[in-house]
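A.B. asks: turn this into a model:
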Amino acid sequence: MDATPKFVRYQATQLDERGIYDGIFGLANRLARNGQLNAEDYQWLQDANAWYDDTYADPNLIDPTVYDRTHNPHAQAWFKISATHLLARVPGYLNLLDRYGMPWEELRSSAPGHVLYEDDVQVVVDPHR
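C.D. replies: Numbers count the residues shown, from 1 in each chain. A predicted model of the protein is given here:
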C-alpha cells in the first residue's frame, strides 16, 4: 500500500461550535464576517476568494448534499497535492490568518476519509474519526 500523501488540508487547530475543524477559507471568511479585517486585507480576501471561485468547482453546486450538515456533518475538503496552481495561493491565506492570530495546521494524508465528492483538484470526505 502506498502511504505517500496525496492530499493536503489546512484547517483550524480547534473544533468550532459545530464540532468540526474549519478550513482556511472558512477561517479567513469568518474574520471578514466578524469585521476583524482591515480594509486592505478585506479587499485582498475578496479578490483571492473570487480567483478560487473562478478557478475550480464548488462541490456544493455540483452535489448539494455534500456539505449538508444533516447527511454529512463532518464533511471537509482536501486539495490534491497535484493541484499546484491552487496550492500556490494558499500561503496568502495562511499569512492572513497568522497576522490576525488565527491558529491553523497543515494535514497530509493518502486516505483522509470516505470520499463524498472528487474532481481533478480536490476531494470532500467524511474524515476518519
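A.B. asks: okay, and the beta partners of residue 127?
C.D. replies: Judged by DSSP bridges, the bridge partners of residue 127 are residue 113.
A.B. asks: which residues in the chain form helices?
C.D. replies: For the chain, the helices defined by DSSP state H occupy 24-33, 39-55, 59-62, 84-87, 90-99.
A.B. asks: list the buried residues for the last one?
C.D. replies: Within helix 90-99, the residues scored as buried using 16 or more other CB atoms under 10 Å are 90, 92-94, 96-97. For the C-beta atoms, the positions are set from N, CA and C on the backbone; glycine is no exception.
A.B. asks: with the third one instead?
C.D. replies: Along helix 59-62, the positions that meet the burial threshold by neighbour count (16+ other CB under 10 Å) are residue 59.
A.B. asks: of the buried residues of helix 90-99, closest to residue 17?
C.D. replies: residue 97 (18.5 Å; CB to CB).
A.B. asks: ok, that closest one - contacts?
C.D. replies: 24, 27-28, 31, 103-104 (CB atoms under 8 Å, 6 or more residues apart in numbering).
A.B. asks: give me the buried entries from these.
C.D. replies: 24, 27-28, 31, 104.
A.B. asks: which stretch in the helices of the chain has the least confidence?
C.D. replies: Among the helices of the chain, helix 59-62 has the lowest mean pLDDT, at a mean of 94.
A.B. asks: show me what it is packed against.
C.D. replies: The criterion is 3 or more CB pairs under 8 Å, 6 or more residues apart in numbering; DSSP states H and E, and there are no helices or strands that helix 59-62 contacts.
A.B. asks: spatially central residue for the chain, please.
C.D. replies: residue 23 (3.8 Å; CA atoms, centre = their mean).
A.B. asks: my guess is that residue contacts residue 76. True?
C.D. replies: Yes - in this structure, residue 23 is within contact of residue 76 by CB atoms under 8 Å, at 6.5 Å.
A.B. asks: let me know how buried residue 53 is, in neighbour terms.
C.D. replies: Burial of residue 53 is recorded as 10 neighbouring residues (other CB atoms under 10 Å).
A.B. asks: please report how far it lies from residue 93.
C.D. replies: For residue 53, the distance to residue 93 (CB to CB, to the nearest Å) stands at 14 Å.
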